[in-house]
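> Please work out how this folds:
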Amino acid sequence: LSRHLGHLDDSAPLPAGWVRTRPRASLPHPFRSLTRAHQLLALDCEMCLTAAGSELTRVTLVDALGTVLLDELVVPPNPILDYVTKYSGITEDMLRDVKTRLADVQARLLEIIHEDTILVGHSLNNDLMALKMVHMQVVDTAIVFADADGMPVSLRVLAKTHLSRAIQVRTEKQLGHNSAEDAIA
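I've put the predicted structure just below:
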């Protein structure tokens, strides 16, 4: 993230369209007094390829108990060139009637996530870039569980190895990743 935005501190201005998580005291009730289940949240996003590059098409936020707090499809502002369905699971039909924009999900996330929330995810930097969100308290499983050469191990392999759970299994109904399934894993 710092590679794209430079050195960040709390007083650094953000580029247009970017947001930063805030102190817990600024959150609306009921999220101001979060339970332990909400102090650690899992985040996963799906993206598609647009005229501007990789852009958000789905965001899922799950608490430590596996409860889905947010699962939204998002229509990118730029024309979609490739839904990357094989990986994203997103299809043209899924987004056809979607009105939710990036700014809408940013606002919803900022109602739930505060600056001390620990976000867990796999290659979380990609998700935060797609969300245009700055958040400093992260656990990235692609880094924590890298192989002996420091290369990331896929989430599918990590779930199978450490959780004995099969995820990202393609079926006729599920053509690619499911951000809710990935976030829960």
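> what's the one helix or strand T57 maps to packed up against?
Using DSSP states H and E, T57 falls within strand 53-63. On a contact count with 3 or more CB pairs under 8 Å, 6 or more residues apart in numbering; DSSP states H and E, strand 53-63 meets strand 40-50, strand 68-73, helix 102-112, helix 124-131, helix 179-184. From N, CA and C alone the C-beta is placed, and that goes for glycine too.
> For G17, find the nearest of these.
helix 102-112 (7.2 Å; CB to CB).
> Flag every buried residue along the closest one.
Neighbour counts using 16 or more other CB atoms under 10 Å place L102, V105, Q106, R108, L109, L110, I112 of helix 102-112 among the buried residues.
> Next one: the fifth one from L124, what distance?
Translated: L109. L109 sits 13 Å away from L124 when distances are taken as CB to CB, to the nearest Å.
> doesn't T100 fall inside a helix?
No - per DSSP: H, G, I helix; E, B strand; the rest coil, T100 lies outside any helix segment and is coil.
> That one: what's it in contact with?
E72, L73, V74, V75 (CB atoms under 8 Å, 6 or more residues apart in numbering).
> same deal with D140?
Counting by CB under 8 Å, 6+ apart, D140 touches V120, G121, H122, S123, L124, N125.
> A51 now?
Neighbour list for A51: N78, P79, L81 [criterion: CB under 8 Å, 6+ apart].
> Give me the subset of the residues you listed lying in strands.
Members of the contacts of A51 lying in strands (criterion: DSSP state E): L81.
> Just give me the neighbour total for M47.
23 (other CB atoms under 10 Å).
> Check what pLDDT R22 gets.
For R22, the model assigns a pLDDT of 86.
> so what's it up against?
Neighbours of R22 in contact, by CB under 8 Å, 6+ apart: L110, H114, E115.
> can I get those residues in JSON lines with pLDDT?
Formatted as JSON lines, the contacts of R22 follow (pLDDT from 0 to 100):
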{"residue": "L110", "pLDDT": "93"}
{"residue": "H114", "pLDDT": "88"}
{"residue": "E115", "pLDDT": "89"}
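> from these, which is closest to M47?
For these, the residue nearest M47 by CB to CB is L110; the value is 20.1 Å.
> What about the residue nearest to that closest one when sequence neighbours are not counted, how many residues nearby?
The spatial neighbour of L110 that comes closest, neighbours along the chain excluded (CB to CB, 6 or more residues apart in numbering), is V19 at 6.1 Å. V19 sits with 17 neighbouring residues when counted by other CB under 10 Å.
> how about V19, what does it touch?
Q106, L110, K132, M133, V134.
> Try it again at 10 Å.
V19 makes contact with L102, A103, Q106, A107, L109, L110, L131, K132, M133, V134, H135, according to CB atoms under 10 Å, 6 or more residues apart in numbering.
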